[in-house]
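Undergrad: Sequence first, predicted model second:
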Amino acid sequence: MRIAPDKVMGLEEAVSRFVPDGAHLALGGFTCNRNPMAAVYEIIRRRRKNLHIYAHSNGQGVDELVGAGCVARIEIAYAGTGRFAPTCIRFRKAIEEGRIAFEDYSNYQMTLRFLAGAMGVPFLPTRSGLGTDILARWGFSEEVRAADPRLPKKKLVVCENPFGDWAETDRVVLVPAIRPDVTLLHVQKAAPDGTCRIAGLAFADMEQARAAHHVVVTCEELVGPEALRDEPERNQIPGVVVDAVVPVPYGAYPTACYRYYDYDPVFLNDYRTAATDERRWAEYLERWVYAMPDHAARIAAVKERLSAIQADPRTGYATGLKR
Amino acid sequence: MRIAPDKVMGLEEAVSRFVPDGAHLALGGFTCNRNPMAAVYEIIRRRRKNLHIYAHSNGQGVDELVGAGCVARIEIAYAGTGRFAPTCIRFRKAIEEGRIAFEDYSNYQMTLRFLAGAMGVPFLPTRSGLGTDILARWGFSEEVRAADPRLPKKKLVVCENPFGDWAETDRVVLVPAIRPDVTLLHVQKAAPDGTCRIAGLAFADMEQARAAHHVVVTCEELVGPEALRDEPERNQIPGVVVDAVVPVPYGAYPTACYRYYDYDPVFLNDYRTAATDERRWAEYLERWVYAMPDHAARIAAVKERLSAIQADPRTGYATGLKR
Amino acid sequence: MEYTRRELMTLAAARKIRDGEIVFCGTGISMLAAMAAKHIYAPNSVIIFETGAVDSRLEEIPLAVGDPRVMYGASSCTGLADAFALMQNPTTGCHVVGILGAAQIDRYGNLNSTAIGEYLRPKVRFSGSGGACDVASFVDRTILFMQHERRKFVNRVDYLTSPGWLDGKDGRRRAGLPGVGPEAVITDLAVMAFDPESREMFLEAWYPGGSPQEVLAHMEFAVDVSRARELEPPSARELKILREVVDPQRLILG
Amino acid sequence: MEYTRRELMTLAAARKIRDGEIVFCGTGISMLAAMAAKHIYAPNSVIIFETGAVDSRLEEIPLAVGDPRVMYGASSCTGLADAFALMQNPTTGCHVVGILGAAQIDRYGNLNSTAIGEYLRPKVRFSGSGGACDVASFVDRTILFMQHERRKFVNRVDYLTSPGWLDGKDGRRRAGLPGVGPEAVITDLAVMAFDPESREMFLEAWYPGGSPQEVLAHMEFAVDVSRARELEPPSARELKILREVVDPQRLILG
């Protein structure tokens, strides 16, 4: 959080200030939609290490960070991008080869963990997971937890209902709060003070932003200071919780940004091919990330594809897109 | 909840079907804003008895229901309408004269209780109220609670943090879920299937609607079945949770309805005068509620005042209104 | 009329959806089944996604639950917190039918979509629960999609991601779970159901041209086949709507 | 320059608000103080309401926190759940100053806005907590408004609605409450503060024309007056902005 009328800065500055090595990081968006990809690529270009990632169903962003070796630990519910990669490929390899530590939750559990952080409470209750290995199996041992003040002492706790059988519930699972150092979001519109207006589904962006100590927002359009104040009920994120506002057109590419552009099926299919093979993967990173001075250069390199993914004003996506 | 493409009905039918004597009832809106007044007056006209009310900061609606003798019990955080009545007058009299049972909570506690109901969990945690009489003093005794399956066995429970000192929290207050029989809301726009679009602050309407078994929505404008589906992110309430949609212009009068009309300071000041005296109060009820066949008649009786409270398109309220 | 097994799977699941139900959709074939149900048998069913879209119109088939196509024409689009609350809340949750898939299933319909082998150093890692564990925990009944392979119908799942009937009988109730539980498993060979007492899987119907023996040969555990019959093949109308309205590009039908 | 006590009260509270703070507003004079602070001393302060409005512009003075005027020009307008979460969350909550009023106060700044007499059958019933208990529980510091009357500054509040320093010293921490606690009480006679060790109320300043003796005569309990001084009267600029910009209709100033 930061209170200032103008938080506009470049992506280099925002990543340099708010995403150091070892940062605990949450990513907005969902699978192949509104991932903060420009910020992800900037993090990879800066060769950040030892990141601790909190994710619900993050697809593309998580996979590229893991694949580039930026991630030491991840708490996650789902790593996939739908049909393009039912399981994220670099994520899968990293786990099968023992290169990252990880712990599994469900999507609702992760959402509630962000919500608990946003609410400033240590936990929230749910019935999700009773009887499952999500409860029984921990990714981080009791010893690792005891040694690290950034990890809760327990993964999940089952609690008998202290109100008897109120709400016909015998017991609930308590999920511990997450308080990321920084949450990265990509939104359609933002004002200089950080006020954000998200079109379409907000996923868990609201909870992820409010849970974090710092929030970096990339946006398709930077609007004037007053432009979003005429209908404040349409703004999901108030300016006060945001630290940096970075205008980045196509900042979610190759994932979708509702009402602006669709995911790029050509790129995502090429990505799958690249991710499957070590040599091709190294080439991908070199060509598409390290060699690019910034996101604008990356977008310029695919500019012939952009017309195909422009959003139809009626549907908000690229109607009839060859997928 | 009800799944049907067309839930439009008259207010008589909606109240008759969903608000029987003894119903557990939640009211939307806040103090002098967007109270479901048309529905409240219909309930009074039908001389409903023994209602159990769940309210956060409900002002006008609660006061008129209590004053008309419809209410047996109330769980509440705040009864007032701002400057017009810092404490609701009929509410105050009813408590001082021992005519209703009541129990006090804070606004956040009540909001969380509705949210817990909406989430289907028996309780939610907060730090609010530690060390206070809101925790220590119960309005309904342990015996009353034990005898009534509609009341949780305990008012509030203090719980040590099972995650140690996670989130720097030693202990939290657990607040029990509320599941009203019916929630009454007044919104700006609704579609026949129950989809609602609220302009401006939603208060706790979203949580109150989702917590309830049934939801009756009155609306300023009934729109076509497709009219709200172009921008679904602006609809706070999905059709599935709604049981009845009742078009009632000026359905929140004399409280405000953002972007449609302001509260009526003349009426609210007259109301205060009436509420203060038993004879005048009986006259008020007779003239303004019982003698009116419906809400349209009531609005027709004040039609010369309506121009003064029309909302300014720029501000959403009656700019410069003499208050 | 010719049809593929994938088409029959889709229709076998869609036939189980009742009008007026809320249908929770995952990715892939479960999306097809929900759309087919709405277009063929259950016009008043409401399709919801864990991402927060309620009553989506789905003019084009989404390739993920985060696909912008799930937002089209919805009654509301909020986020995950709201969508899962709707399913956990018994008032709405008990009208929800969830459609899920997985990598492994056991005789009680418990699902694994996390890992094969050791959890911490698996032979094969999958995507993880996503919303599957949540849906399987909350909603009234679930319909499961599986490929019918011996390595997938196992005595014990390597990781129990999403609760089925747990250890059978009243296992769900004992664990504190609401909802009814898994109702059917739709595979590329058969429709399986669960015994109302023991909660053990049994064969409800095999696909035309197949046999109970073929089904049993593709499972690590044996199931009761005494109640089984041959499934009705798809009608011309079912196939027409599936092919022309639901997935004309054959993005999921293949 | 002439001024009313209500004007001085408003300004005495407004002077305590720092630039860059988030100001939680209740109804009435606390709204005036927040607006005066923003217009006079703290242009980058952010006014929030429990109803969910964040960074309201307040072109006209609201008569209640549910008044549609709180929505004008805000950065976001959601609802109560979100507003209280912002205050309970330590990241934002520790930048919030809450301005509250009550019917009774004790030496530790504990507030009663519920009832005088027996709780279940009170002599006088008030509105109840509203958001006051929540704000007093969560936020970093609070500024309290009181009428300075003997029956209001009492040895023991009849009902403890909103926590101050509880029983003094580290009482808040022992109870499990975050935040710093009450910082000042602004009355129609004086500004009171709290001792950093004992957390007992003491007299910080009396109003021009008054005296410490006058203050003590209006309280049931005695307080230390040795640190007291006379308060600076309002400046012409303060009064001009208060009268011409903040409440030109004198809706709250009277």
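TA: Great, that's in hand.

Undergrad: What residues does the stretch 101-250 of chain A have near chain D?
TA: Within reach of chain D by CB under 8 Å from any CB of the partner chain, the stretch 101-250 of chain A has these residues: A:117-121, A:179, A:191, A:193-195, A:210-213, A:226, A:228-229, A:232-233, A:235-241. The C-beta positions use only the backbone N, C-alpha and C, and glycine is treated the same way.

Undergrad: try 10 Å this time
TA: Contact residues, the stretch 101-250 of chain A versus chain D (CB under 10 Å from any CB of the partner chain): A:115-121, A:177, A:179, A:191, A:193-197, A:206-207, A:210-215, A:226, A:228-242.

Undergrad: is it true that residue A:174 touches residue A:130?
TA: No: using CB atoms under 10 Å, residue A:174 is not in contact with residue A:130; the gap is 11.6 Å.

Undergrad: Give the intersection of the neighbour lists for those two.
TA: Here residue A:174 and residue A:130 share the contacting residues A:156, A:158, scored by CB atoms under 10 Å, 6 or more residues apart in numbering or on different chains.

Undergrad: Inside strands: which ones of the residues of the stretch 101-250 of chain A next to chain D?
TA: A:196, A:197, A:214, A:215 (DSSP state E).

Undergrad: would you turn these into a markdown table with neighbour count?
TA: Shown next, in a markdown table, are these (neighbours: other CB atoms under 10 Å in any protein chain shown):
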| residue | neighbour count |
| --- | --- |
| A:196 | 29 |
| A:197 | 22 |
| A:214 | 22 |
| A:215 | 31 |
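
Undergrad: Need the max-distance pair from the residues you listed.
TA: Of all pairs drawn from these, the one with the longest distance (CB to CB) is A:197 and A:214, at 20.3 Å.

Undergrad: Next, residue A:218: secondary structure please.
TA: Following DSSP: H, G, I helix; E, B strand; the rest coil, the label given to residue A:218 is strand.

Undergrad: can you give me the helices for the chain?
TA: Defaulting to chain A. A:11-18, A:37-45, A:60-67, A:89-96, A:107-119, A:133-136, A:142-147, A:205-211, A:265-276, A:278-284, A:295-300, A:303-309 (DSSP state H).

Undergrad: looking at chain C here, not the other one
TA: C:5-14, C:29-40, C:80-88, C:90-93, C:132-138, C:171-175, C:212-217, C:236-241.

Undergrad: quick one, which of the ones you listed is nearest to chain D?
TA: Chain D lies closest to helix C:80-88 among these, at 10.3 Å (CB to the nearest CB).

Undergrad: pLDDT on that closest one, on average?
TA: Averaging the model's pLDDT scores along helix C:80-88 yields 98.

Undergrad: so which residue of chain A comes closest to chain C?
TA: Going by CB to the nearest CB, chain C is nearest to residue A:82 of chain A, at 2.4 Å.

Undergrad: Now do the closest residue to that residue other than its chain neighbours, the pLDDT please.
TA: Once flanking residues are discounted, residue A:82 sits nearest to residue C:64: 2.4 Å by CB to CB, 6 or more residues apart in numbering or on different chains. On pLDDT, residue C:64 comes in at 93.

Undergrad: can you count the residues close to residue C:64?
TA: Residues lying near residue C:64 (other CB atoms under 10 Å in any protein chain shown) number 30.

Undergrad: Looking from chain A, tell me which residue of the stretch 51-200 of chain C is nearest.
TA: Per CB to the nearest CB, residue C:64 is where the stretch 51-200 of chain C lies closest to chain A, at 2.4 Å.

Undergrad: For that residue, give its distance to residue C:34.
TA: 14 Å (CB to CB, to the nearest Å).

Undergrad: and what of residue A:147?
TA: For residue A:147, the distance to residue C:34 - CB to CB - is 46 Å.

Undergrad: Of those two, give the one with the bigger neighbour count.
TA: Neighbours per residue, other CB under 10 Å: of residue A:147 and residue C:34, the larger number sits with residue C:34, 31 against 10.

Undergrad: what separates that one from chain B, distance-wise?
TA: 15 Å (CB to the nearest CB, to the nearest Å).

Undergrad: what's near enough to touch that residue?
TA: C:10, C:13-14, C:17, C:21, C:23-26, C:42, C:45-49, C:56, C:58, C:97, C:99, C:143, C:246.

Undergrad: Can you tell me which of the ones in strands among the residues of the stretch 101-250 of chain A next to chain D is closest to chain B?
TA: Nearest to chain B, judged by CB to the nearest CB, of those is residue A:197 at 9.5 Å.

Undergrad: And the pLDDT for the closest one?
TA: For residue A:197, the model assigns a pLDDT of 98.

Undergrad: Hmm, residue A:191 and it touching each other?
TA: Yes: look at residue A:197 against residue A:191 with CB under 10 Å: they come within range, at 8.5 Å.

Undergrad: How many neighbouring residues does residue A:168 have?
TA: Using other CB under 10 Å, residue A:168 is surrounded by 10 other residues.

Undergrad: residues contacting it?
TA: Residues near residue A:168 by CB under 10 Å, 6+ apart: A:161, B:120, B:122, C:90, C:178.

Undergrad: Was I right to think the first one contacts residue A:171?
TA: Pointing back at residue A:161 there. Yes: counting by CB under 10 Å, residue A:161 touches residue A:171, with 6.1 Å between them.

Undergrad: which stretches of the stretch 1-150 of chain C form strands?
TA: C:22-24, C:46-48, C:53-54, C:76-77, C:96-101, C:104-105, C:111-112, C:115-117, C:122-125, C:141-145 (DSSP state E, counting those that start in this stretch).

Undergrad: is the last one up against chain B anywhere?
TA: I take that to be strand C:141-145. No: counting by CB under 10 Å from any CB, chain B is not contacted by strand C:141-145; separation bottoms out at 16.1 Å.

Undergrad: Partner strands of that strand, with direction?
TA: Here strand C:141-145 has these sheet partners by DSSP bridges: strand C:96-101 (parallel), strand C:181-186 (parallel).

Undergrad: any idea how far residue A:177 lies from residue A:123?
TA: In terms of CB to CB, residue A:177 sits 6 Å off from residue A:123.

Undergrad: okay, the two: which has more neighbours?
TA: A count of neighbours by other CB under 10 Å puts residue A:123 above the other of residue A:177 and residue A:123, at 28 against 24.

Undergrad: Excluding chain neighbours, what is closest to residue A:229?
TA: Nearest one to residue A:229, counting by CB to CB, 6+ apart, is residue D:73 at 4.7 Å.

Undergrad: What is the burial count for that neighbour?
TA: Residue D:73 has 15 nearby residues by other CB under 10 Å.

Undergrad: count of residues packed around residue A:216?
TA: 28.

Undergrad: hang on, it packs against residue A:208?
TA: No: look at residue A:216 against residue A:208 with CB under 10 Å: they stay out of range, at 11.5 Å.

Undergrad: list the residues that contact both of residue A:161 and residue A:171?
TA: What both residue A:161 and residue A:171 touch, as defined by CB under 10 Å, 6+ apart, is the set A:125, B:122, C:176.

Undergrad: out of those, who has the most neighbours?
TA: That'd be residue B:122 among the shared contacts of residue A:161 and residue A:171, by other CB under 10 Å, with 26 neighbours.

Undergrad: and the gap between that residue and residue A:179?
TA: Residue B:122 is 25 Å from residue A:179, by CB to CB.

Undergrad: rewinding a little: overlap of the contact sets of residue A:197 and residue A:191?
TA: A:219, A:221, A:223, A:227, A:228, A:235.

Undergrad: Mind putting those into a markdown table with pLDDT, distance to chain C and neighbour count?
TA: As requested, the shared contacts of residue A:197 and residue A:191 are exported to a markdown table (pLDDT from 0 to 100; distance: CB to the nearest CB, whole Å; neighbours: other CB atoms under 10 Å in any protein chain shown):
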| residue | pLDDT | distance to chain C | neighbour count |
| --- | --- | --- | --- |
| A:219 | 98 | 17 | 24 |
| A:221 | 98 | 17 | 14 |
| A:223 | 98 | 21 | 16 |
| A:227 | 97 | 22 | 15 |
| A:228 | 98 | 19 | 22 |
| A:235 | 98 | 14 | 24 |
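
Undergrad: Would you agree residue C:76 is in contact with residue B:238?
TA: Yes: at 4.0 Å, residue C:76 and residue B:238 qualify as touching, with contact defined as CB under 10 Å.
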